[in-house]
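Enquirer: fold the following and give me the result.
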Amino acid sequence: MDKDEVCKQILELEPKVRFAGLINPNGRLIAGGMRNGFASLEDERDNEMLYMELVLRAKMRKEFDKVFGPVKFAMSYRDKLIVMSFPVGDNVLLVSVEKEVDFSKLPFKIVEIMSH
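Expert: Model (predicted):
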């Protein structure tokens, strides 16, 4: 499936999805982005730092794949939003959502989209 199409489908799942983007191993956004009408909470330089940190954490989690099985997603519940990451081969899908979203269901819907 087309990378931008996957990000579009995720944005369409829920109006409270702020951002859906695919980050490559170098920490660069290669598909997707911010939903129209939402402003990024960080500046461009902070975006790059966030992406690099995200890729590094995803790589570090792979160390335990043999013991626990592969990671399907990781989630951070923050004061201003919820951030989820999904490994996609060597890339990482980053999704940020408003805190009011039902985070017990949304990540599993995203995993379902990613499995097609």
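
Enquirer: distance of residue 25 from residue 114?
Expert: 17 Å (CB to CB, to the nearest Å). C-betas here are computed from N, CA, C, even on glycine.

Enquirer: neighbour count winner among those two?
Expert: Per other CB atoms under 10 Å, whichever of residue 25 and residue 114 has more neighbours is residue 114, with 17 against 13.

Enquirer: can you name every helix or strand that the lowest-mean-pLDDT helix or strand in the chain contacts?
Expert: When the helices and strands of the chain are scored by mean pLDDT, DSSP states H and E, helix 44-61 comes last with a mean of 88. Helix 44-61 sits against strand 17-23, strand 74-77, strand 82-88, strand 91-97, with contacts defined as 3 or more CB pairs under 8 Å, 6 or more residues apart in numbering; DSSP states H and E.

Enquirer: how about the third one: buried residues?
Expert: Which is strand 82-88. 82-87 (16 or more other CB atoms under 10 Å).

Enquirer: state the pair within those that is farthest apart.
Expert: The distance between the two most remote of the buried residues of strand 82-88 (CB to CB) is 17.8 Å, for 82 and 87.

Enquirer: secondary structure element holding the residue of the chain most remote from its centre?
Expert: The outermost residue of the chain relative to its centre, with distances by CA atoms, centre = their mean, is residue 67 at 23.8 Å. Using DSSP states H and E, residue 67 maps to helix 65-68.

Enquirer: ok, residue 51 - how many residues close by?
Expert: So residue 51, with other CB under 10 Å, has 19 neighbours.

Enquirer: and residue 110, by the same measure?
Expert: Residue 110, neighbours per other CB under 10 Å, totals 23.

Enquirer: wasn't it part of a helix?
Expert: Yes: applying DSSP: H, G, I helix; E, B strand; the rest coil, one finds residue 110 inside a helix.

Enquirer: chain neighbours aside, what residue packs nearest to it?
Expert: residue 10 (5.7 Å; CB to CB, 6 or more residues apart in numbering).
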